[in-house]
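Enquirer: Structure here, sequence nowhere to be found:
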Ligand SMILES: O=P(O)(O)OC[C@H]1O[C@](O)(COP(=O)(O)O)[C@@H](O)[C@@H]1O
Ligand SMILES: [Mg+2]
Ligand SMILES: [Mg+2]
(Lines give C-alpha, C1' and ligand atoms only; values in the text may rest on other atoms or scores of the structure.)
(Ligands and ions follow the chains in the order given, each with its own letter.)
Protein backbone atom coordinates (compact mmCIF):
# COMPACT_ATOMS: atom_id res chain seq x y z
CA UNK A 1 0.00 0.00 0.00
CA UNK A 2 1.58 3.28 -1.16
CA UNK A 3 1.52 6.26 1.26
CA UNK A 4 2.77 9.68 0.24
CA UNK A 5 2.95 12.62 2.65
CA UNK A 6 0.73 15.57 1.72
CA UNK A 7 2.36 18.26 -0.41
CA UNK A 8 0.36 21.50 -0.64
CA UNK A 9 -0.70 22.07 -4.28
CA UNK A 10 1.73 24.22 -6.18
CA UNK A 11 -0.23 24.33 -9.48
CA UNK A 12 -2.07 27.50 -8.50
CA UNK A 13 -5.18 26.07 -10.13
CA UNK A 14 -7.19 26.22 -6.92
CA UNK A 15 -6.45 29.45 -5.12
CA UNK A 16 -6.60 29.31 -1.33
CA UNK A 17 -9.92 30.68 -0.07
CA UNK A 18 -8.20 31.81 3.10
CA UNK A 19 -8.77 31.17 6.79
CA UNK A 20 -12.35 30.76 7.89
CA UNK A 21 -13.52 32.29 11.16
CA UNK A 22 -14.17 28.81 12.55
CA UNK A 23 -10.65 27.68 11.75
CA UNK A 24 -9.16 30.90 13.11
CA UNK A 25 -11.12 30.59 16.38
CA UNK A 26 -9.83 27.02 16.74
CA UNK A 27 -6.25 28.09 15.96
CA UNK A 28 -6.40 30.92 18.50
CA UNK A 29 -8.14 28.97 21.22
CA UNK A 30 -4.86 28.26 22.99
CA UNK A 31 -4.32 32.01 23.45
CA UNK A 32 -7.17 31.98 25.92
CA UNK A 33 -6.38 31.05 29.56
CA UNK A 34 -9.61 29.13 30.16
CA UNK A 35 -9.44 27.52 26.73
CA UNK A 36 -11.97 24.73 26.83
CA UNK A 37 -13.89 25.59 23.71
CA UNK A 38 -16.84 27.38 25.31
CA UNK A 39 -15.77 30.86 24.23
CA UNK A 40 -15.01 29.50 20.76
CA UNK A 41 -18.52 28.07 20.57
CA UNK A 42 -19.98 31.37 21.82
CA UNK A 43 -18.14 33.29 19.08
CA UNK A 44 -19.48 30.80 16.53
CA UNK A 45 -23.01 31.33 17.86
CA UNK A 46 -22.63 35.09 17.38
CA UNK A 47 -21.30 34.52 13.85
CA UNK A 48 -24.29 32.32 13.01
CA UNK A 49 -26.82 34.88 14.25
CA UNK A 50 -25.02 37.65 12.38
CA UNK A 51 -25.27 35.67 9.12
CA UNK A 52 -29.05 35.45 9.59
CA UNK A 53 -29.35 39.14 10.51
CA UNK A 54 -27.17 39.95 7.51
CA UNK A 55 -29.62 38.11 5.26
CA UNK A 56 -32.54 40.02 6.82
CA UNK A 57 -30.83 43.42 6.45
CA UNK A 58 -29.95 42.69 2.83
CA UNK A 59 -33.56 42.00 1.92
CA UNK A 60 -35.19 44.47 4.31
CA UNK A 61 -36.53 46.53 1.39
CA UNK A 62 -38.09 43.48 -0.32
CA UNK A 63 -39.90 42.05 2.64
CA UNK A 64 -42.14 43.56 5.27
CA UNK A 65 -39.34 43.79 7.80
CA UNK A 66 -38.48 47.43 7.14
CA UNK A 67 -39.94 50.23 9.21
CA UNK A 68 -41.05 50.75 12.79
CA UNK A 69 -42.23 47.92 15.02
CA UNK A 70 -44.71 50.17 16.82
CA UNK A 71 -43.20 49.85 20.30
CA UNK A 72 -40.58 51.81 22.24
CA UNK A 73 -37.69 50.23 24.11
CA UNK A 74 -36.38 51.01 27.59
CA UNK A 75 -34.47 53.95 26.10
CA UNK A 76 -37.75 55.48 25.01
CA UNK A 77 -36.67 54.99 21.39
CA UNK A 78 -39.07 53.68 18.79
CA UNK A 79 -37.99 50.15 17.94
CA UNK A 80 -37.50 49.27 14.29
CA UNK A 81 -38.70 45.83 13.18
CA UNK A 82 -35.10 44.91 12.45
CA UNK A 83 -34.08 45.91 16.01
CA UNK A 84 -36.60 43.37 17.28
CA UNK A 85 -35.68 40.69 14.72
CA UNK A 86 -31.95 41.04 15.46
CA UNK A 87 -32.67 40.90 19.19
CA UNK A 88 -34.65 37.67 18.80
CA UNK A 89 -32.02 36.11 16.52
CA UNK A 90 -29.05 36.81 18.79
CA UNK A 91 -30.83 35.81 21.99
CA UNK A 92 -32.02 32.59 20.38
CA UNK A 93 -28.57 31.71 19.01
CA UNK A 94 -26.91 32.44 22.37
CA UNK A 95 -29.54 30.48 24.25
CA UNK A 96 -29.31 27.45 21.94
CA UNK A 97 -25.50 27.62 21.91
CA UNK A 98 -25.47 26.73 25.61
CA UNK A 99 -22.46 28.81 26.73
CA UNK A 100 -24.30 31.87 28.03
CA UNK A 101 -26.11 32.26 31.36
CA UNK A 102 -27.34 35.87 31.02
CA UNK A 103 -27.81 38.54 28.37
CA UNK A 104 -28.02 42.33 28.59
CA UNK A 105 -29.62 43.74 25.44
CA UNK A 106 -30.39 47.29 24.30
CA UNK A 107 -33.87 46.04 23.39
CA UNK A 108 -34.62 44.42 26.78
CA UNK A 109 -35.45 46.34 29.94
CA UNK A 110 -34.10 43.63 32.26
CA UNK A 111 -31.26 41.12 32.24
CA UNK A 112 -32.33 37.96 30.41
CA UNK A 113 -31.61 34.92 32.60
CA UNK A 114 -31.22 31.96 30.22
CA UNK A 115 -31.70 29.47 33.09
CA UNK A 116 -28.62 27.72 31.80
CA UNK A 117 -27.01 25.78 34.66
CA UNK A 118 -23.76 25.29 32.76
CA UNK A 119 -23.38 28.71 31.08
CA UNK A 120 -20.18 30.53 32.12
CA UNK A 121 -20.58 33.66 30.05
CA UNK A 122 -22.56 36.90 30.19
CA UNK A 123 -23.16 38.77 26.92
CA UNK A 124 -24.08 42.45 26.56
CA UNK A 125 -25.37 43.22 23.08
CA UNK A 126 -26.64 46.00 20.84
CA UNK A 127 -28.42 43.72 18.37
CA UNK A 128 -28.84 46.40 15.73
CA UNK A 129 -26.74 49.55 15.84
CA UNK A 130 -27.56 52.55 13.68
CA UNK A 131 -31.31 51.91 13.68
CA UNK A 132 -32.02 55.31 12.12
CA UNK A 133 -30.22 54.10 9.00
CA UNK A 134 -32.03 50.78 8.53
CA UNK A 135 -34.64 51.94 6.02
CA UNK A 136 -32.28 54.06 3.97
CA UNK A 137 -29.80 51.33 3.10
CA UNK A 138 -26.87 52.79 5.03
CA UNK A 139 -24.40 50.61 6.94
CA UNK A 140 -25.66 49.30 10.28
CA UNK A 141 -24.16 46.89 12.79
CA UNK A 142 -24.25 44.67 15.86
CA UNK A 143 -22.03 45.24 18.92
CA UNK A 144 -21.23 42.65 21.62
CA UNK A 145 -19.29 42.33 24.88
CA UNK A 146 -18.51 39.00 26.56
CA UNK A 147 -17.71 38.49 30.24
CA UNK A 148 -17.18 35.40 32.43
CA UNK A 149 -19.70 35.23 35.23
CA UNK A 150 -18.22 35.94 38.69
CA UNK A 151 -20.45 33.66 40.72
CA UNK A 152 -20.33 29.83 40.48
CA UNK A 153 -21.83 28.26 37.37
CA UNK A 154 -25.37 27.13 38.00
CA UNK A 155 -25.95 29.54 40.90
CA UNK A 156 -28.43 32.44 40.65
CA UNK A 157 -27.31 35.35 38.45
CA UNK A 158 -26.17 38.20 40.69
CA UNK A 159 -25.41 41.90 40.13
CA UNK A 160 -21.67 41.17 40.24
CA UNK A 161 -22.03 38.89 37.22
CA UNK A 162 -23.56 41.71 35.19
CA UNK A 163 -22.20 45.03 36.44
CA UNK A 164 -18.62 44.36 35.41
CA UNK A 165 -16.15 47.03 34.27
CA UNK A 166 -15.07 46.90 30.63
CA UNK A 167 -11.61 45.80 31.77
CA UNK A 168 -13.23 42.44 32.70
CA UNK A 169 -14.31 41.68 29.11
CA UNK A 170 -12.90 38.38 27.81
CA UNK A 171 -13.92 39.26 24.28
CA UNK A 172 -15.79 41.93 22.34
CA UNK A 173 -16.59 42.80 18.78
CA UNK A 174 -18.95 44.09 16.18
CA UNK A 175 -20.54 43.06 12.93
CA UNK A 176 -20.79 45.65 10.17
CA UNK A 177 -23.58 45.13 7.64
CA UNK A 178 -22.22 47.40 4.94
CA UNK A 179 -21.12 47.18 1.31
CA UNK A 180 -19.53 44.01 2.57
CA UNK A 181 -20.34 42.30 5.83
CA UNK A 182 -17.53 42.10 8.36
CA UNK A 183 -17.07 40.65 11.83
CA UNK A 184 -14.30 42.24 13.87
CA UNK A 185 -13.40 40.94 17.34
CA UNK A 186 -10.77 40.66 20.04
CA UNK A 187 -10.13 38.23 22.89
CA UNK A 188 -7.40 40.45 24.25
CA UNK A 189 -4.77 39.19 21.80
CA UNK A 190 -5.13 41.77 19.05
CA UNK A 191 -7.99 42.64 16.72
CA UNK A 192 -8.90 40.58 13.66
CA UNK A 193 -11.45 41.28 10.93
CA UNK A 194 -13.33 38.75 8.83
CA UNK A 195 -15.27 39.39 5.63
CA UNK A 196 -18.40 37.41 4.83
CA UNK A 197 -18.33 35.44 1.57
CA UNK A 198 -22.03 35.11 0.82
CA UNK A 199 -21.74 32.35 -1.76
CA UNK A 200 -19.88 30.13 0.70
CA UNK A 201 -21.73 31.34 3.80
CA UNK A 202 -18.40 31.76 5.58
CA UNK A 203 -16.45 34.57 7.22
CA UNK A 204 -12.83 34.67 6.00
CA UNK A 205 -9.88 36.40 7.66
CA UNK A 206 -9.41 39.61 5.66
CA UNK A 207 -7.95 42.08 8.18
CA UNK A 208 -5.42 40.31 10.45
CA UNK A 209 -4.08 42.13 13.50
CA UNK A 210 -5.69 45.52 12.82
CA UNK A 211 -3.61 48.46 14.07
CA UNK A 212 -5.24 51.89 14.25
CA UNK A 213 -3.15 54.76 12.88
CA UNK A 214 -1.95 56.92 15.79
CA UNK A 215 -3.08 60.05 13.95
CA UNK A 216 -5.67 60.79 11.28
CA UNK A 217 -7.61 63.57 9.59
CA UNK A 218 -11.20 62.41 9.97
CA UNK A 219 -13.57 63.63 12.67
CA UNK A 220 -17.03 62.15 13.29
CA UNK A 221 -19.56 64.08 15.37
CA UNK A 222 -23.20 65.04 14.86
CA UNK A 223 -22.71 68.75 14.18
CA UNK A 224 -26.43 69.23 14.62
CA UNK A 225 -25.86 69.13 18.39
CA UNK A 226 -23.10 71.73 18.44
CA UNK A 227 -25.23 74.23 20.34
CA UNK A 228 -24.96 71.85 23.29
CA UNK A 229 -21.24 71.20 23.07
CA UNK A 230 -18.82 72.24 25.78
CA UNK A 231 -16.49 75.03 24.64
CA UNK A 232 -13.64 72.51 24.65
CA UNK A 233 -15.31 70.39 21.98
CA UNK A 234 -16.26 73.42 19.95
CA UNK A 235 -12.63 74.59 19.97
CA UNK A 236 -11.37 71.12 19.07
CA UNK A 237 -13.78 70.73 16.15
CA UNK A 238 -13.00 74.28 14.98
CA UNK A 239 -9.33 73.31 15.07
CA UNK A 240 -10.08 70.19 12.97
CA UNK A 241 -11.72 72.48 10.41
CA UNK A 242 -8.75 74.86 10.42
CA UNK A 243 -6.57 71.84 9.76
CA UNK A 244 -8.91 70.89 6.90
CA UNK A 245 -9.69 67.48 8.42
CA UNK A 246 -12.61 65.66 6.75
CA UNK A 247 -15.99 65.56 8.49
CA UNK A 248 -17.46 62.06 8.17
CA UNK A 249 -20.59 61.09 10.14
CA UNK A 250 -22.73 58.12 9.06
CA UNK A 251 -24.86 58.08 12.19
CA UNK A 252 -24.17 54.37 12.74
CA UNK A 253 -21.60 54.09 15.53
CA UNK A 254 -20.20 50.78 14.22
CA UNK A 255 -19.66 52.16 10.72
CA UNK A 256 -18.12 55.46 11.91
CA UNK A 257 -15.89 53.59 14.38
CA UNK A 258 -14.79 51.01 11.78
CA UNK A 259 -13.78 53.62 9.22
CA UNK A 260 -11.81 55.61 11.76
CA UNK A 261 -10.17 52.45 13.14
CA UNK A 262 -8.79 51.57 9.71
CA UNK A 263 -8.06 55.06 8.34
CA UNK A 264 -7.31 57.06 11.51
CA UNK A 265 -9.88 59.40 12.99
CA UNK A 266 -11.88 60.37 16.02
CA UNK A 267 -15.55 59.76 16.85
CA UNK A 268 -17.10 61.99 19.50
CA UNK A 269 -20.55 61.73 21.04
CA UNK A 270 -20.44 64.28 23.86
CA UNK A 271 -22.77 65.15 26.65
CA UNK A 272 -25.60 67.29 25.24
CA UNK A 273 -28.64 68.99 26.76
CA UNK A 274 -30.81 66.16 25.33
CA UNK A 275 -28.35 63.53 26.59
CA UNK A 276 -26.51 65.04 29.60
CA UNK A 277 -24.56 61.80 29.98
CA UNK A 278 -24.03 61.35 26.25
CA UNK A 279 -26.18 59.11 24.06
CA UNK A 280 -24.23 55.90 23.75
CA UNK A 281 -24.66 53.04 26.18
CA UNK A 282 -21.71 51.93 28.28
CA UNK A 283 -22.43 48.20 28.56
CA UNK A 284 -23.22 47.26 24.94
CA UNK A 285 -21.76 50.03 22.81
CA UNK A 286 -18.87 51.91 24.47
CA UNK A 287 -17.19 49.04 26.37
CA UNK A 288 -17.05 46.69 23.39
CA UNK A 289 -15.59 49.28 21.04
CA UNK A 290 -13.21 50.58 23.73
CA UNK A 291 -11.72 47.07 24.12
CA UNK A 292 -11.30 46.80 20.35
CA UNK A 293 -9.84 50.31 20.16
CA UNK A 294 -7.27 49.69 22.87
CA UNK A 295 -6.30 46.32 21.41
CA UNK A 296 -5.66 48.10 18.08
CA UNK A 297 -3.57 50.85 19.70
CA UNK A 298 -6.33 53.48 19.80
CA UNK A 299 -8.04 54.94 22.87
CA UNK A 300 -11.53 55.47 24.32
CA UNK A 301 -12.52 57.90 27.07
CA UNK A 302 -15.54 59.69 28.45
CA UNK A 303 -13.44 62.84 28.63
CA UNK A 304 -12.27 62.15 32.15
CA UNK A 305 -11.35 58.46 32.32
CA UNK A 306 -10.83 55.27 30.27
CA UNK A 307 -14.21 53.92 29.22
CA UNK A 308 -13.05 50.45 30.35
CA UNK A 309 -12.56 51.70 33.93
CA UNK A 310 -16.08 53.06 34.34
CA UNK A 311 -17.96 51.00 36.94
CA UNK A 312 -21.43 50.26 35.53
CA UNK A 313 -24.30 51.06 37.90
CA UNK A 314 -27.28 50.56 35.61
CA UNK A 315 -27.90 48.34 32.59
CA UNK A 316 -28.66 51.05 30.08
CA UNK A 317 -26.46 53.84 31.46
CA UNK A 318 -25.05 56.24 28.92
CA UNK A 319 -21.62 57.78 28.67
CA UNK A 320 -19.97 60.56 26.66
CA UNK A 321 -17.58 58.93 24.19
CA UNK A 322 -14.38 60.06 22.52
CA UNK A 323 -12.83 57.13 20.67
CA UNK A 324 -10.22 56.81 17.99
CA UNK A 325 -6.61 57.53 17.07
CA UNK A 326 -4.40 58.05 20.10
CA UNK A 327 -2.98 61.46 19.14
CA UNK A 328 -6.34 62.86 18.04
CA UNK A 329 -8.09 61.89 21.28
CA UNK A 330 -5.16 63.31 23.28
CA UNK A 331 -5.50 66.57 21.35
CA UNK A 332 -9.25 66.68 21.91
CA UNK A 333 -8.68 66.13 25.63
CA UNK A 334 -6.20 69.00 25.73
CA UNK A 335 -8.89 71.27 24.36
CA UNK A 336 -11.47 69.78 26.65
CA UNK A 337 -9.44 70.09 29.78
CA UNK A 338 -9.93 73.80 29.48
CA UNK A 339 -13.56 72.97 30.21
CA UNK A 340 -14.95 69.69 31.60
CA UNK A 341 -15.92 67.32 28.73
CA UNK A 342 -18.59 65.38 30.64
CA UNK A 343 -21.00 67.01 33.02
CA UNK A 344 -20.44 64.53 35.85
O1 LIG B 1 -28.64 60.56 15.52
P2 LIG B 1 -27.54 60.86 16.47
O3 LIG B 1 -27.98 61.63 17.69
O4 LIG B 1 -26.36 61.47 15.83
O5 LIG B 1 -27.06 59.45 17.06
C6 LIG B 1 -26.46 58.51 16.21
C7 LIG B 1 -25.90 57.44 17.10
O8 LIG B 1 -26.97 56.76 17.73
C9 LIG B 1 -26.90 55.36 17.41
O10 LIG B 1 -27.75 55.09 16.35
C11 LIG B 1 -27.34 54.63 18.67
O12 LIG B 1 -27.37 53.27 18.47
P13 LIG B 1 -28.71 52.43 18.20
O14 LIG B 1 -29.08 52.65 16.80
O15 LIG B 1 -28.26 51.06 18.50
O16 LIG B 1 -29.75 52.90 19.18
C17 LIG B 1 -25.46 55.12 17.02
O18 LIG B 1 -25.27 54.05 16.15
C19 LIG B 1 -25.11 56.41 16.31
O20 LIG B 1 -23.76 56.70 16.32
MG1 LIG C 1 -26.25 51.31 19.03
MG1 LIG D 1 -29.29 49.33 18.69
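Expert: Received it, and whenever you're ready, just let me know what you need. Treat the numbers as computed from the prediction; the structure is a model and nothing was measured. Ligands and ions are numbered 1, 2, ... in the order given.

Enquirer: count of neighbours near whichever residue of the stretch 51-200 of the chain sits closest to ligand 2?
Expert: Residue of the stretch 51-200 of the chain nearest ligand 2, by Cβ to the ion: residue 129 (3.4 Å). Glycine gets a C-beta too; all of them are placed from N, C-alpha and C. Neighbourhood size, residue 129 [other Cβ atoms under 10 Å]: 28.

Enquirer: and it, what are its bridge partners?
Expert: As for beta bridges, residue 129 partners with residue 141 under DSSP bridges.

Enquirer: Would you mind measuring from it to residue 178?
Expert: 12 Å (Cβ to Cβ, to the nearest Å).

Enquirer: what residues does this protein put near ligand 3?
Expert: Listed as neighbours of ligand 3 in the chain under the rule Cβ under 5 Å from the ion: 106, 126, 128-129.

Enquirer: most surrounded residue in those residues?
Expert: The most neighbours of any of the residues of the chain next to ligand 3, using other Cβ under 10 Å, belong to residue 128, which has 32 neighbours.

Enquirer: That one: what's it in contact with?
Expert: Neighbour list for residue 128: 53, 80, 82-83, 86-87, 134, 140-142 [criterion: Cβ atoms under 8 Å, 6 or more residues apart in numbering].

Enquirer: 6 Å instead?
Expert: Contacts of residue 128 were listed using Cβ atoms under 6 Å, 6 or more residues apart in numbering, and they are 82-83, 86.

Enquirer: For the closest residue to it other than its chain neighbours, grab the count of nearby residues.
Expert: Spatially, and ignoring its direct neighbours in sequence, residue 128 is nearest to residue 86 (4.1 Å; Cβ to Cβ, 6 or more residues apart in numbering). Neighbours of residue 86 under the rule other Cβ under 10 Å: 32.

Enquirer: Residue 86 contacts residue 53, correct?
Expert: Yes - with contact defined as Cβ atoms under 6 Å, residue 86 counts as touching residue 53 (4.8 Å).

Enquirer: any shared contact partners between the two?
Expert: By Cβ under 6 Å, 6+ apart, residue 86 and residue 53 have no common neighbours.

Enquirer: Could you tell me the end-to-end distance of stretch 282-301?
Expert: Chord length of stretch 282-301, first to last residue, is 11 Å (Cα to Cα, to the nearest Å).

Enquirer: Verify the stated contact: residue 129 with residue 254.
Expert: Yes - between residue 129 and residue 254 there is a contact under Cβ under 6 Å: 4.9 Å.

Enquirer: Which residue would be the closest one in the stretch 151-300 of the chain to ligand 2?
Expert: Ligand 2 sits closest to residue 285 of the stretch 151-300 of the chain, with a gap of 5.0 Å, by Cβ to the ion.

Enquirer: Run through the residues that contact that residue.
Expert: Contacts for residue 285 (Cβ under 6 Å, 6+ apart) come out as 126, 143.

Enquirer: any idea how far it is from residue 241?
Expert: Per Cβ to Cβ, residue 285 is found 27 Å from residue 241.

Enquirer: show me where the stretch 51-200 of the chain has strands.
Expert: Assigned by DSSP state E, counting those that start in this stretch, the strands in the stretch 51-200 of the chain fall at 68-72, 78-80, 100-105, 112-113, 121-129, 140-148, 171-177, 181-186, 191-197.
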